[in-house]
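Enquirer: Need coordinates for the following:
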Amino acid sequence: MTTDKILREALADHITASGDLRSPEWRQAVLGIPRHEFLRGGFFRRTDEGGRTGWEPVGPEDPAWLPACYSDDSLVTQVAGTVMPADIEGRIYRQPTSSSTLPGLVVRMLEELDVGDGMSVLEVGTGTGYSTALLCHCLGDELVTSVEVDAEISGRARAALGRVGHFPDLVVGDGLKGHPEGAPYDRLIATCGVLHIPAEWIAQVRPGGQILATVGGWLYSSELARLTVRQDGTATGRLLGGAVSFMLARPQVPPPLGVLPDMSEGEERETHLADDPLEDWTARFVAQLAAPRAQRFRLAQDGGDLDILLDVDAGAWAALRREGERRLVRQGGPDRLWDRIEDHLSRWHRDGAPTLDRFLITASPEGQEITWTT
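Expert: Numbering: from 1, shown residues only. Below is the predicted model of the structure:
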């Protein structure tokens, strides 16, 4: 048995033991698809020296490359929107923009998709093409359509898929708009995060079909949602739990912070919430429901750091700080951002702080609502 097949067996065993891989069909797909073929261009390894996060390339000539390809880890494959591992030597200090998702999560999502023989699937976010290949292995190439916004990434995925003998319909375009030419689909799966379920996705999935996507916000707490499309053009479902995170779809990334407001203005009061409620993943998700366009950052100043929330488009902001045993918030702009967050978090706590798998989601062309059950 070749080294990569041994590594594939070990990966399948690992994600079976974790509970992500549950069915023989998807196990055969994991064993049958060589992940390293989708990482021939290398990946970026994270470095954290000198207090800065950097990325350095790792290619097939590196002894660490092949074992990493079969680790249950996400591997960054593009930085700053255009930079690939082969483009640089040394390090780059920019934000990742594309990655090969950890196999355990890929397989968990495919299991949750509940796809069967003869079902057509639209995948939003081709990426390296690895998850596309797994779908092709189980369903057949003719039933798989995958959309990728980046033409270069799509081209690399096409080449990798061809190397392993799969030729699905690959589309370059804005995945948030789906691919109406192939509709209706039985299933839609997104491998990028979204702020809300697009109306186009609902329209392109047949009634009774399902949408599986990661829903989150600019406070960077997100969760996997599975929705069933209804005859009335809405989609309803649940969050599945597990703190799932993907890079946001590029059209939905937050705007630049720009010129910051004067934090000495506004009105100050004591906040009634416990210290640092936004450090908790679920609490931060709840806060996003009240302030979906708020971004969070820290600002150093004499006397202690400010924890800042800023809605750039609305011009609303909140700055939290400690003063002895007290935690104070100062707010400014056209609306009181922290008041909304505090109210939402207080109601969630009064209801027993339910976990994310007790949240319900309803999406329609008019918008999206996420609530929780007690």
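Enquirer: What pLDDT is listed against the nearest residue to A316 once chain neighbours are set aside?
Expert: Leaving aside its chain neighbours, A316 sits nearest to G333 (3.5 Å; criterion: Cβ to Cβ, 6 or more residues apart in numbering). For the C-beta atoms, the positions are set from N, CA and C on the backbone; glycine is no exception. Note on G333: pLDDT of 93.
Enquirer: My guess is V194 contacts Q252. True?
Expert: Yes. The pair V194 / Q252 is scored as a contact, 6.2 Å apart, by Cβ atoms under 8 Å.
Enquirer: gap between the residue nearest to A316 and G193?
Expert: Distance, G333 to G193, by Cβ to Cβ, to the nearest Å: 26 Å.
Enquirer: and if you look at L212?
Expert: Look at L212 and G193: by Cβ to Cβ, they are 12 Å apart.
Enquirer: Quick one: residues contacting the residue nearest to A316.
Expert: With contact set as Cβ atoms under 8 Å, 6 or more residues apart in numbering, G333 has these partners: 261, 266, 311, 314-317.
Enquirer: Let's verify P334: helix, strand, or coil?
Expert: coil (DSSP: H, G, I helix; E, B strand; the rest coil).
Enquirer: Skipping its backbone neighbours, what lies nearest R187 in space?
Expert: Closest residue in space to R187, ignoring its immediate chain neighbours: V121 at 4.6 Å, by Cβ to Cβ, 6+ apart.
Enquirer: So T145, which state does it fall into?
Expert: Secondary structure for T145, judged by three-state DSSP, is strand.
Enquirer: Can you spell out which residues form a bridge with it?
Expert: L122, D169 (DSSP bridges).
Enquirer: you'd agree A225 is up against W201?
Expert: No. A225 lies out of contact with W201 (Cβ under 8 Å); the separation is 11.5 Å.
Enquirer: Identify the contacts common to those two.
Expert: Joint contacts of A225 and W201 (Cβ under 8 Å, 6+ apart) are 211, 213.
Enquirer: May I have the secondary structure class of the closest residue to A353 other than its chain neighbours?
Expert: Leaving out its chain neighbours, the residue that sits closest to A353 by Cβ to Cβ, 6+ apart is T282, at 7.4 Å. Three-state assignment for T282 (three-state DSSP): helix.
Enquirer: G19 - how many residues pack around it?
Expert: Residues near G19, counting by other Cβ atoms under 10 Å, number 10.
Enquirer: how does this protein divide into domains?
Expert: Split into domains by automatic domain parsing, the chain comes to 103-251, 267-350.
Enquirer: Could I get the full set of helices for the stretch 101-250 of the chain?
Expert: 103-113, 130-139, 151-163, 199-204 (DSSP state H, counting those that start in this stretch).
Enquirer: Present the contacts of G333 as JSON lines; the columns should include pLDDT, neighbour count and distance to G324.
Expert: Below are the contacts of G333 laid out as JSON lines (pLDDT from 0 to 100; neighbours: other Cβ atoms under 10 Å; distance: Cβ to Cβ, whole Å):
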{"residue": "P261", "pLDDT": "87", "neighbour count": "16", "distance to G324": "26"}
{"residue": "G266", "pLDDT": "88", "neighbour count": "17", "distance to G324": "21"}
{"residue": "D311", "pLDDT": "95", "neighbour count": "20", "distance to G324": "29"}
{"residue": "A314", "pLDDT": "91", "neighbour count": "14", "distance to G324": "32"}
{"residue": "G315", "pLDDT": "92", "neighbour count": "12", "distance to G324": "31"}
{"residue": "A316", "pLDDT": "94", "neighbour count": "23", "distance to G324": "27"}
{"residue": "W317", "pLDDT": "95", "neighbour count": "25", "distance to G324": "24"}
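Enquirer: and which of those residues is nearest to V149?
Expert: Within the contacts of G333, proximity to V149 (Cβ to Cβ) peaks at D311, which comes in at 25.5 Å.
Enquirer: Now do the contacts for that closest one.
Expert: So D311 contacts 291, 293-295, 317, 333, 337 (Cβ under 8 Å, 6+ apart).
Enquirer: that older thread, which one of the contacts of G333 is nearest to W372?
Expert: Set against W372, the nearest of the contacts of G333 by Cβ to Cβ is D311 (23.2 Å).
Enquirer: Please enumerate residues in contact with stretch 246-259?
Expert: Outside stretch 246-259, the residues that touch it by Cβ under 8 Å, 6+ apart are 81, 96-99, 101, 124-125, 149, 174-176, 190-195, 214, 216, 218, 222, 293, 295, 297, 310, 312-313.
Enquirer: Tell me how far the closest residue to P365 other than its chain neighbours lies from A363.
Expert: Distance criterion Cβ to Cβ, 6+ apart; nearest residue to P365, sequence neighbours excluded, is A199 at 3.9 Å. Remark: distance between A199 and A363 (Cβ to Cβ) = 8 Å.
Enquirer: higher neighbour count, these two?
Expert: Remark: of A199 and A363, A363 carries more neighbours, 25 against 19, as counted by other Cβ under 10 Å.
Enquirer: The more buried one contacts G233, correct?
Expert: No. If you go by Cβ under 8 Å, A363 and G233 don't touch, sitting 10.1 Å apart.
Enquirer: can you list residues touching both of those two?
Expert: I202.
Enquirer: The closest residue to S18 other than its chain neighbours: what's it in contact with?
Expert: Excluding the flanking residues, the one nearest S18 by Cβ to Cβ, 6+ apart is G104, at 5.6 Å. Contacts here follow Cβ under 8 Å, 6+ apart; on that basis G104 touches 14-15, 18, 20-21, 72.
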